Structures are given as C-alpha cells and as structure tokens.
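Enquirer: Next one to model:
(one chain, ligands or ions: 1)
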Amino acid sequence: MTRGIGSWGWQTVPQRHMDGLKIRFTQAKVLGGGSTVNEQIYTRGHPLDYDEWRQAGCTGWSYEEVLPYFRKAEDNDTWDNRWHGKGGPLGVSRPAAALPICEACFAAAGQIGIPTNPDLTSETPEGVGYYQLTQRNVRRSSASKAYLAPVERQRPGLCVLTGAQVLRIVVENGRAVGVDLGPRGVLRAEREVILSSGAIGSPRLLQLSGIGPADHLRDLGIPVVLDQPGVGANLQDHLDLFVIAECTGSHTYDRYARPEWSAVAGLQYLLTRRGPVASSLFETGGFRWADPAARSPDIQFHLGLGSGIEAGVAAMPQGGVTLNSAFLARGRGGRCGWPAPIRSPRR
Ligand SMILES: Cc1cc2nc3c(=O)[nH]c(=O)nc-3n(C[C@H](O)[C@H](O)[C@H](O)COP(=O)(O)OP(=O)(O)OC[C@H]3O[C@@H](n4cnc5c(N)ncnc54)[C@H](O)[C@@H]3O)c2cc1C
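Expert: Numbers count the residues shown, from 1 in each chain. Below is the predicted model of the structure:
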C-alpha cells in the first residue's frame, strides 16, 4: 500500500551522509491520507513535545491543553481514563493478532533492563509493550472512515472531490481566497482555505503558490507572493535502521507471503478476524533512550512480525523478525523553522 496509485511516488535526493542513497518517501495519495496506508500504530508525541511548542509560542498546544482532544477523538476498546476516551470517531484497539513471539520480545527487553509498559501513549511512554492500533472491530479506522464516512452523505455543504489535485492556492490582496484545480477550474472560498496536504504536500503547495523563500522561488520562475524562508525547510523525520533475525521455526507471519498462504490468511480473517490480515505486522515496540542525556526517549522500536517486510530488507529462509529502531529527531532549543502562522489555526 505504500507504492503504486496510493502514493505520490516521492523519493529523497541522494543523501550526503548515507553514501548517496535515495530513500523512498511514501506520502499517501488517497482519501484519509497516510491514515489509509500506514501501519495503524496509534501513537502520540511525548508530553514534553507539546509543552515545548507552547513555550515556543503556540498558544493552546501544551500537553494539558491537547490531551482533551486526544481523548475526545478516541473510541478506545480498552481504556477510559485520564489519557484515553470512549465514544469518539476514531477506533483505537488492542492488537487482535499478536503472536507469542511478542511476549518473548518483552521478556528479552526485561533481561536488559527495559521494563514492560502497558500503555505506550500515556504520560510516560518509556518501555516496551503492545501498541494500540487505529482499528475498530479489527478493521482500519482511517481518518476518512472515522470522520468523513459517517457524515459524507448527510452534511449539506460537504463535498468530497476525488481526482482533484490542487495546483495553487489563489491569493488576492494578501489573503487566500481559493484553490486552483487546473483543468477543473478554480474553487473560491467564502470564508477560508485550510491547507492540510501533508509534510511534503503542504510546503510544496505553498511554494507553488509563491509562499516560501523568495530567492528559491525566483530561481524556479515562481512569482513571489510572500517571502517565508522557513517554508520547505527543517523537515524532521524518524530515520529507521532495521535488524533482521532468523527464528528457530515459523514463529512469525513470513510464510504468508506465499500465494497459497495468503489465501489461507484471507479466509482466516473472514472467518475469525485473526491472523496476518488483522495484524499491522508491527504490534509491539516501545520507547528508550540512546542518549541518556536526552530530555525524553530518543529511540522508538517496532518489532515486525516477519523478516522481508521493509523495502530492501531480505526475507530469512526460516522466517524471522525485524527490529526497527527509529531515531526521534527533534528541534533544538524549542524553535522550529516553521514561520509564524499566516492565519491563526482554529480548533
Ligand atoms: C508508510 C507509512 C506508515 C506510517 N505508519 C504510521 C503509524 O503506524 N502510526 C502513526 O501514527 N503514523 C504513521 N505514519 C504517519 C502518519 O500516517 C502521518 O503522520 C499522517 O497521515 C499525516 O497526516 P496529514 O494529514 O498531515 O497528511 P497526509 O496524511 O499525508 O494527508 C495529506 C493529504 O493531502 C493530499 N494532497 C497532497 N497534496 C495535494 C494536492 N496538491 N492536491 C490535493 N490533495 C493533495 C494527499 O493525497 C493526502 O491525501 C505512517 C506514514 C507512512 C507514509
């Protein structure tokens, strides 16, 4: 689901510090965006991330202020407490298809002093455990299924237009007044334009609309509407390293890559709602310090229940696991390169 028609097909430029490697950079091109193609792991930032945003001037974005919105969003099948809520639009569930090897992973972590944490999205995410998944009744609960589908047919004024690429935000007298869909015409806004095209799509669209670093835009022949040097800069992503290990037997979902086993998996899901189709393949993981001086855990783990899951990583003959370690990069000194908002966001 991370390539083909569901993705924009981006890749990075050759990475100077990685021997010129170009990395596939999946960004979803589908209703619901990344939530329709992602691993379904329900996760949040560390509480201190939000508090730093608040300190940097983002009014209303401290942890205590965003927590009620996280709770309100959730329909959690396990918890209803300070951190989690029930009855919201987004299904959040415990994994339905974990395997015994997940528990073996917790035991191994315990042996090197990493505790098991029953809730990796509470105030203290440190440790290893089961993630919760953005699923309801063992089906993906994407942003479009959770928020759009229930109201799409009934809400007057809501119109979902697919196959419509915005080429430019139309700005008149310093104000965004509509969007240009190229051959499909210009849509004019009565009140406001909300831009939510993703980590690559949003700054790209701003730049195509003349909002970005003036010199760069001039080099590309784009008329400058607003000089904003931060637009398109300071991307922070969680670079992953994968370690694969062969198992002593068929303890993971590797064998289901074969067509005959895929058919079994489909049947198993239809009949029991279990098995690899119900799995995100990354049901377990956790947070840990690589740098003991870091202000919060700077490594996130995901245990993949198979060995050939990630692009460019081989499958082991006997089947295996993938331990994925992601570096949780973050800005220093509480300042990010994002410019002051052009209009205050409304929540
Ligand atoms: C492979 C993968 C796995 C991931 N796994 C997880 C996970 O397990 N847990 C987790 O929490 N996060 C995960 N993420 C990250 C998560 O999915 C994203 O952080 C999230 O979807 C970002 O939401 P967004 O609304 O900012 O942007 P997006 O979800 O990217 O949505 C932007 C939307 O805008 C559309 N768009 C862009 N440009 C235009 C244009 N010019 N005109 C019209 N439409 C446009 C796109 O097609 C897309 O539908 C994963 C991401 C990927 C790619």
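Enquirer: For the chain, which segments count as helices?
Expert: 34-37, 47-55, 63-73, 100-111, 143, 198-208, 214-219, 259-272 (DSSP state H).
Enquirer: Run through who's touching the fifth one.
Expert: Residues outside helix 143 that contact it (C-beta atoms under 8 Å, 6 or more residues apart in numbering): 32-33, 35-36, 90. Every C-beta, even on glycine, is put in place using the N, C-alpha and C of the backbone.
Enquirer: Give me the distance between the closest residue to Phe282 other than its chain neighbours and Leu241.
Expert: Residue nearest to Phe282 in three dimensions, not counting chain neighbours: His302, with 4.3 Å by C-beta to C-beta, 6 or more residues apart in numbering. Computed as C-beta to C-beta, to the nearest Å, the His302 to Leu241 distance reads 11 Å.
Enquirer: so what's in contact with these two at the same time?
Expert: Joint contacts of His302 and Leu241 (C-beta under 8 Å, 6+ apart) are Asn324.
Enquirer: can you list the helices of the chain in CSV and add mean neighbour count?
Expert: Below are the helices of the chain laid out as CSV (neighbours: other C-beta atoms under 10 Å):
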stretch, mean neighbour count
helix 34-37, 18
helix 47-55, 18
helix 63-73, 15
helix 100-111, 14
helix 143, 17
helix 198-208, 18
helix 214-219, 14
helix 259-272, 13
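Enquirer: Reformat these as CSV; add distance to Thr322 and mean pLDDT.
Expert: Listed next are those as CSV, based on distance: least, C-beta to C-beta, whole Å; pLDDT from 0 to 100:
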stretch, distance to Thr322, mean pLDDT
helix 34-37, 19, 96
helix 47-55, 26, 95
helix 63-73, 29, 98
helix 100-111, 12, 96
helix 143, 27, 97
helix 198-208, 24, 97
helix 214-219, 38, 98
helix 259-272, 18, 95
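Enquirer: Compare His302 and Leu241 and say which one has the larger neighbour count.
Expert: Set side by side, His302 and Leu241 show more neighbours around His302, with 22 against 10, by other C-beta atoms under 10 Å.
Enquirer: before we move on, back to that, Serialize the helices of the chain to a markdown table and add fields for distance to the ligand.
Expert: Formatted as a markdown table, the helices of the chain follow (distance: least, C-beta to the nearest ligand atom, whole Å):
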| stretch | distance to the ligand |
| --- | --- |
| helix 34-37 | 2 |
| helix 47-55 | 13 |
| helix 63-73 | 12 |
| helix 100-111 | 16 |
| helix 143 | 7 |
| helix 198-208 | 3 |
| helix 214-219 | 17 |
| helix 259-272 | 19 |
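Enquirer: Including distance to His251, could the ones you listed go into JSON lines?
Expert: Formatted as JSON lines, the helices of the chain follow (distance: least, C-beta to C-beta, whole Å):
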{"stretch": "helix 34-37", "distance to His251": "27"}
{"stretch": "helix 47-55", "distance to His251": "35"}
{"stretch": "helix 63-73", "distance to His251": "34"}
{"stretch": "helix 100-111", "distance to His251": "5"}
{"stretch": "helix 143", "distance to His251": "34"}
{"stretch": "helix 198-208", "distance to His251": "35"}
{"stretch": "helix 214-219", "distance to His251": "51"}
{"stretch": "helix 259-272", "distance to His251": "15"}
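Enquirer: If you count neighbours, what's buried in stretch 22-30?
Expert: Buried residues in stretch 22-30, counted by 16 or more other C-beta atoms under 10 Å: 23, 25-30.
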